[in-house]
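> turn this into a structure:
(one chain, ligands or ions: 1)
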Amino acid sequence: SEVALDSLIVEVADQFRFLAENKSVEIETNVQRPLTFRGDEARLRQLLVILLDNAFKYTPFSGRIEITGESRSHSVYLSVADTGCGIPKEDLPHVFERFYRGDKARSRAQGGTGLGLSIAKWIVEAHHGTIRIRSEVGLGTKAEVSLPRAHERQYPALAGRFAGRRNRRRR
Ligand code: ATP
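Numbers count the residues shown, from 1 in each chain. Presented below is the predicted three-dimensional model:
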């Protein structure tokens, strides 16, 4: 179904704003309107929550988080950038692995399972998209997602769910 990504991004950002204010972290949204994409709304919401949750968790007091969403020629581009602790080069190749957690994360008192980014990757790939993380220790991290328009109507990885919805509508 057609997902209003513009409102979805603003909605998810608002969910984090209260937490962010307590930490003096600024959340900025930079979203093109309208921005729509045919996909699984619940999953795309979950993707944004995972990326924002990470940005928030790994960004210290008085940091900044910027979320962008824009339509490109053949895709929708989403990014979540933070001014947090960053990810060491040797950890970067592993962040999408299930249960992988960086040293900083492991030593954190509040939990985390190391599943977030593996789920994020699964959601993006179910939409035939790509996700990559760029990061610099001490400067911050940027997660970039590209969702191709060409596959908007095809969801092999989630075929069951979508087939069900489509059939329901046809009746
Ligand atoms: P959870 O499953 O609760 O999200 P997690 O954050 O540890 O736990 P992932 O989201 O899979 O797990 O992230 C894997 C690891 O990548 C983290 O443990 C952390 O070391 C690193 N990481 C992810 N996002 C960021 C970020 N924005 N800034 C710094 N490090 C990050």
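
> tell me the confidence at the nearest residue to A120 once chain neighbours are set aside?
Leaving aside its sequence neighbours, A120 sits nearest to I50 (CB to CB, 6 or more residues apart in numbering; 4.6 Å). From N, CA and C alone the C-beta is placed, and that goes for glycine too. What the model reports for I50 is a pLDDT of 97.

> tally of neighbours for I50?
Neighbourhood size, I50 [other CB atoms under 10 Å]: 20.

> and it, which of the three is it?
Recorded secondary structure, I50: helix (DSSP: H, G, I helix; E, B strand; the rest coil).

> quick one, grab the pLDDT at L19.
Model confidence at L19 (pLDDT) stands at 88.

> then A159?
The predicted local confidence for A159 is 47.

> wait, the residue nearest to A120 touches T113, no?
No - look at I50 against T113 with CB atoms under 8 Å: they stay out of range, at 11.3 Å.

> tell me where this protein has strands.
Listed in chain order, the strands of the chain (DSSP state E) span 2-4, 26-31, 36-38, 64-71, 75-82, 130-136, 140-148.

> off-centre distance for the last one?
On the basis of CA atoms, centre = their mean, to the nearest Å, the separation between the geometric centre of strand 140-148 and that of its chain is 7 Å.

> does it come close to the ligand?
Yes - using CB under 6 Å from any ligand atom, strand 140-148 reaches the ligand at T141.

> same deal with the fourth one?
No - in this structure, strand 64-71 remains apart from the ligand according to CB under 6 Å from any ligand atom; the gap is never smaller than 8.9 Å.
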